[in-house]
Each structure stands twice: as C-alpha cells, then as structure tokens.
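S.K.: With the sequence up front, the predicted model follows.
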Amino acid sequence: MSVPVGYPAALATVVVGVPIAYPVAWTRTIAFTWKWAQTIRFRAATDAHTWGSP
C-alpha cells in the first residue's frame, strides 16, 4: 500500500491547523451569540419601555 506524497503534508496541516482554527471559530461564535443576545435584550427593553409593559 503506497502513501500519496501529499498525504503526510496534508495530515500535518490539519493537525497544526485545527487547534488554531477552532479557537478562532469559537471566538467568532461566542462573539456573534453575545451580540445577538444583547440585541434581543435591547429590543425587549425598548419594546417594554415603548409600550409600557412591565
């Protein structure tokens, strides 16, 4: 069974790249979720204020 020449390089890229990529993806996801939550909160507070709801 022969191993393609690019395989070790591709594997090394994945092994090195995944730990780097994951924190970036998580940071973006958390930031997006936080922004979204703040927007919902702000809208809810604005609506409550506008309509006089408790």
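M.R.: Nice, I can see it.

S.K.: What's the mean pLDDT across stretch 18-33?
M.R.: Throughout stretch 18-33, pLDDT has a mean value of 88.

S.K.: distance between that stretch and the chain's centre?
M.R.: 4 Å (CA atoms, centre = their mean, to the nearest Å).

S.K.: quick one: buried residues of it?
M.R.: Buried residues in stretch 18-33, defined by neighbour count with 16 or more other CB atoms under 10 Å: none. C-beta coordinates here come from the backbone N, C-alpha and C atoms, glycine included.

S.K.: contacts for it?
M.R.: Applying CB atoms under 8 Å, 6 or more residues apart in numbering, stretch 18-33 has no contact partners.

S.K.: CA atoms only: put it into CSV for me.
M.R.: This file holds the C-alpha atoms of stretch 18-33, laid out as CSV (Å, rounded to 0.1, in the frame of the first residue of the first chain):
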residue,chain,number,x,y,z
VAL,A,18,-7.3,22.5,13.6
PRO,A,19,-6.1,23.7,17.0
ILE,A,20,-5.5,27.1,15.6
ALA,A,21,-8.8,27.3,13.6
TYR,A,22,-11.0,26.1,16.5
PRO,A,23,-10.4,28.9,18.9
VAL,A,24,-11.0,31.4,16.1
ALA,A,25,-14.3,29.7,15.2
TRP,A,26,-15.3,29.5,18.9
THR,A,27,-14.4,33.2,19.5
ARG,A,28,-16.4,34.3,16.5
THR,A,29,-19.4,32.1,17.5
ILE,A,30,-19.3,33.4,21.1
ALA,A,31,-19.0,37.0,19.9
PHE,A,32,-21.9,36.5,17.5
THR,A,33,-24.1,34.8,20.1
